[in-house]
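**Q** dropping a prediction and its sequence here:
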Amino acid sequence: MDRVIAAQVYLRICELGSLSAAARALGMSRPMVSRYLEQMESWAGARLIHRSTRRLTLTPAGEKVLLKTRGLTRIADEIAGERQRADPSGTLRVACAHFTAMQLISPLLPDFLARYPLLRLELDINNHPVSLIGERIDVAIRITDNPEAGGHRSSPRSVPFAALRRAGLDAPAWPVDDARRSATT
């Protein structure tokens, strides 16, 4: 059984004063709530709750564990919240050539930064290959037929056209394609 869930169940039992009420609030069966309480008592090495037919009361050990449980469940909730946060944050380092920055990236920046306000964008604009690891670059955008050794080469047909479409531009008409079509027809 998960100790964090056991701690959350114990906290609900203490807040609501009843195993049955905690079971209803958590959407669990009463026997499952009872098992989680047993796990907490085993983990603490002491009886945490005195049970009578009419009410529950915390033992001295139960009161100490309750204080620690509140802290544990708060931390668990914070960790889950960080993991589930939808907005990216931090610094994104992008390297690209001057042409790419001016023609493709800069028109998209206002909308991108408005959409991701917690993200800090650093552009490394230069016309030479970069070392992704050595220069701590997250993304490098290069249009070349001589890719950097060890770099990931994307299909030149899919990525540039997709980037152009996102920028609101049409894909270029390639003279080579026109020449092939006219030669085969």
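**A** Received it, and whenever you're ready, just let me know what you need.
**Q** quick check: longest helix of the chain.
**A** helix 60-84 (DSSP state H).
**Q** mind giving me the packing neighbours of the helix or strand following that one?
**A** Past helix 60-84, heading to the C-terminal end, the next element that is a helix or strand (DSSP states H and E) is strand 90-96. Under the contact criterion of 3 or more Cβ pairs under 8 Å, 6 or more residues apart in numbering; DSSP states H and E, the helices and strands touching strand 90-96 comprise strand 119-125, strand 139-141. Just so you know, the C-beta spots here come from the backbone N, C-alpha and C atoms, and that holds for glycine as well.
**Q** so who does the nearest residue to residue 109 once chain neighbours are set aside touch?
**A** Spatial nearest neighbour of residue 109, chain neighbours left out: residue 121 (7.4 Å); criterion: Cβ to Cβ, 6 or more residues apart in numbering. The contact partners of residue 121, taken as Cβ atoms under 8 Å, 6 or more residues apart in numbering, are 91, 92, 94, 109, 112, 113.
**Q** how close does residue 121 get to residue 97?
**A** Relative to residue 97, residue 121 is positioned 17 Å away (criterion: Cβ to Cβ, to the nearest Å).
**Q** give me the buried subset of the contacts of residue 121.
**A** Under a neighbour-count criterion of 16 or more other Cβ atoms under 10 Å, the subset of the contacts of residue 121 counted as buried comprises 92, 94.
**Q** so of the contacts of residue 121, which two are at opposite extremes in space?
**A** Spatially, the most separated pair among the contacts of residue 121 is 91 and 109, at 15.1 Å (Cβ to Cβ).
**Q** phi, psi for residue 131 please.
**A** phi -90, psi 110 (degrees, to the nearest 10).
**Q** repeat for the one 4 residues further on
**A** For residue 135, the backbone dihedrals (degrees, to the nearest 10) come out as phi -100, psi 10.
**Q** I figured it hits residue 95, correct?
**A** Yes: distance between residue 135 and residue 95: 7.3 Å, which falls inside the contact criterion (Cβ atoms under 8 Å).
**Q** where's the residue nearest to residue 109 relative to residue 105, distance?
**A** Using Cβ to Cβ, we find residue 121 at a distance of 9 Å from residue 105.
**Q** chain center to stretch 26-44, what's the gap?
**A** How far stretch 26-44 lies from its chain's middle: 30 Å, per Cα atoms, centre = their mean, to the nearest Å.
**Q** list the buried residues of that stretch.
**A** Buried positions in stretch 26-44, judged by neighbour count with 16+ other Cβ under 10 Å: 26, 28, 32, 33, 34, 36, 37, 39, 40, 41, 44.
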